[in-house]
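*Asks:* Have a look; sequence and predicted model below, questions after that.
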Amino acid sequence: MTHYQRIVLAKPVTGVPAAENFELQQVPVPELAEGQVLISNFIASVDPGMRSILSGGDSYSTALKSGDVIQGATVGVVTASNNERYAVGDVVGGGFGWTEMAVSDGRGLNKIKDTRVPYSCNIGILGVPGMTSFFGLERVAKLKDSETVLISSAAGTVGATAGQLAKAQGCHVTGIAGSDEKCQWLKDSCGFDQVINYKAVADLDAAIAAACPDGIDVLFDNVGNTMIDRVIPLMKMGGRIVVSGQVADYNVDPAERPGIKNTSAFITHRLRMEGMVVFDDFREFGRAKEALIQRIVDGSMIYREHVSEGIENMPAAFIGLFTGESFGRRLVQLAPTPA
């Protein structure tokens, strides 16, 4: 192979991402320098959190410029190596983005040797989404047994994993999702106590209050300020709000995003709200991954993946994250998975 394909930012995104914001390029396979390896990626992720760096402004990551490869997690196979730590045939995880091939000096590479679960799990439930769920509950929420937990955007990998982890601690878990199919899956497969289809209820505030009549100890929010503000009055004394994502606000100009008004409850109910960047917990990832693998293997942790085929379909897969099409971890198969 002399060339490979990658997708770069064609122009900054305004509002909901569109196909015109992305460009598929064909570029030559580079020569390897000493200490480098060539990786052929066979699966990659599209992540809603990447939206925050596609409009020219920095977030917890540096903003992308036109011509930059779109970021994302990848799993691939080493196809050539000038690095004694990596052999041809090694399966490795990395963050090379929307590209069929990548060159690395080994920094940031993770050899994947555990085959108890599919390779795709390493950029899903064992990747950033699963780690966000695990440490969002453990470190940020400091979840206690038998508490009442509300999870927004619950059918995504972060929400569904967090809900199952909370159930394992004996908590009463209510999820919010956007279709009857998603709600049924969360109840039947993931064990949520109650799930609200926010598109099907006339009064979402009333539906949440009815599902959590004694109040809410932990809100695990993946949606944004409107959701947080409506739940604050329902929080129990000493309640905690985990700000994990803001999918409803990513495509809104910062100056036009809704604010939070119900702040008096932070005083009266001694509430705490904290945002999280999961890489703060990087040193503990190994422990969390092993715990999640054990649950997957014994059947007590369910996950769902939505896999598209071909790098050319990555923009559509990404756009689908913001149009309600997504159900489960959104991945794109770039090449056949190794046997």
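*Replies:* All right, it came through fine. Numbers count the residues shown, from 1 in each chain.

*Asks:* Any idea how many residues pack against the residue lying closest to Gly324 once chain neighbours are set aside?
*Replies:* In space, and not counting its chain neighbours, Gly324 is closest to Gly178: 5.7 Å by CB to CB, 6 or more residues apart in numbering. For every residue, glycine as well, the C-beta is placed using N, CA and C. By other CB atoms under 10 Å, 18 other residues sit near Gly178.

*Asks:* Pretty sure Gly178 sits against Ser152.
*Replies:* No: using CB atoms under 8 Å, Gly178 is not in contact with Ser152, being 10.3 Å away.

*Asks:* Phi first, then psi, for Ala168.
*Replies:* When read as degrees, to the nearest 10, the backbone of Ala168 gives phi -60, psi -20.

*Asks:* which stretches of the stretch 51-200 of the chain have low pLDDT?
*Replies:* Along the stretch 51-200 of the chain, the model assigns pLDDT under 70 to residues 58-60.

*Asks:* how does it look with 90?
*Replies:* 52, 55-62, 108 (pLDDT under 90).

*Asks:* Okay, strands next: where are they in it?
*Replies:* Using DSSP state E, counting those that start in this stretch, the strands of the stretch 51-200 of the chain run over residues 74-81, 91-94, 101-104, 110-111, 148-151, 172-177, 194-197.

*Asks:* helices and strands around the fourth one, which ones?
*Replies:* In other words, strand 110-111. Counting contacts by 3 or more CB pairs under 8 Å, 6 or more residues apart in numbering; DSSP states H and E, strand 110-111 is packed against strand 91-94.

*Asks:* how about the CA coordinates for the strand it packs on, as PDB?
*Replies:* Taking Å, rounded to 0.1, in the frame of the first residue of the first chain, the C-alpha atoms of strand 91-94 are listed here in PDB:
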ATOM      1  CA  VAL A  91      -2.700  -4.800  18.300                       C
ATOM      2  CA  VAL A  92      -2.500  -1.300  19.800                       C
ATOM      3  CA  GLY A  93      -4.800   1.400  21.000                       C
ATOM      4  CA  GLY A  94      -4.200   5.000  20.500                       C
END
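
*Asks:* so what strands line up beside that strand?
*Replies:* The sheet places strand 91-94 alongside strand 74-81 (antiparallel), strand 110-111 (antiparallel), with pairing taken from DSSP bridges.

*Asks:* Let's have those strands in TSV, adding mean neighbour count.
*Replies:* Output for the strands paired with strand 91-94, formatted as TSV (neighbours: other CB atoms under 10 Å):
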stretch	mean neighbour count
strand 74-81	21
strand 110-111	13
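
*Asks:* What helix or strand is Arg230 located in?
*Replies:* Secondary structure from DSSP states H and E places Arg230 in helix 225-231.

*Asks:* So for that helix, mean pLDDT?
*Replies:* For helix 225-231, mean pLDDT is 97.

*Asks:* next SSE after that helix?
*Replies:* strand 235-243.

*Asks:* thinking again about what came up before, could the strands of the stretch 51-200 of the chain be laid out in CSV, adding distance to Ser55?
*Replies:* Conversion of the strands of the stretch 51-200 of the chain to CSV gives the following (distance: least, CB to CB, whole Å):
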stretch, distance to Ser55
strand 74-81, 23
strand 91-94, 25
strand 101-104, 25
strand 110-111, 30
strand 148-151, 27
strand 172-177, 27
strand 194-197, 31
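
*Asks:* Relative to Val27, which of those strands is closest?
*Replies:* With CB to CB, the closest approach to Val27 among those belongs to strand 101-104: 8.9 Å.

*Asks:* so how far is the closest one from its chain's centroid?
*Replies:* Remark: strand 101-104 is offset 23 Å from the chain centroid, using CA atoms, centre = their mean, to the nearest Å.

*Asks:* Report the contact partners of Asp90.
*Replies:* When contacts are counted by CB atoms under 8 Å, 6 or more residues apart in numbering, Asp90 touches 77-78, 111.

*Asks:* Tell me the one of the residues you listed nearest Ile232?
*Replies:* Relative to Ile232, the closest of these is Lys111; by CB to CB it sits at 44.4 Å.

*Asks:* For Asn313, find the nearest of the strands of the stretch 51-200 of the chain.
*Replies:* strand 74-81 (15.5 Å).

*Asks:* can you give me the offset of stretch 188-203 from its chain's centre?
*Replies:* 20 Å.

*Asks:* buried set for that stretch?
*Replies:* The neighbour-count check on stretch 188-203 (16 or more other CB atoms under 10 Å) flags 190, 192-198 as buried.

*Asks:* Likewise for stretch 225-245?
*Replies:* Residues of stretch 225-245 classed as buried: 225-228, 231-232, 234-236, 239-245 (neighbour count, 16+ other CB under 10 Å).

*Asks:* Can you give me the end-to-end span of it?
*Replies:* End-to-end distance for stretch 225-245, by CA to CA, to the nearest Å: 10 Å.

*Asks:* Off-centre distance for that stretch?
*Replies:* Counting by CA atoms, centre = their mean, stretch 225-245 comes out at 20 Å from the chain centroid.

*Asks:* how far away is the residue nearest to Gly324 from Gly156?
*Replies:* Applying CB to CB, to the nearest Å, the value for Gly178 to Gly156 is 10 Å.

*Asks:* returning to what we had before: show me the one of the strands of the stretch 51-200 of the chain that comes nearest Leu54.
*Replies:* It is, among the strands of the stretch 51-200 of the chain and with distance given as CB to CB, strand 74-81, at 18.3 Å.
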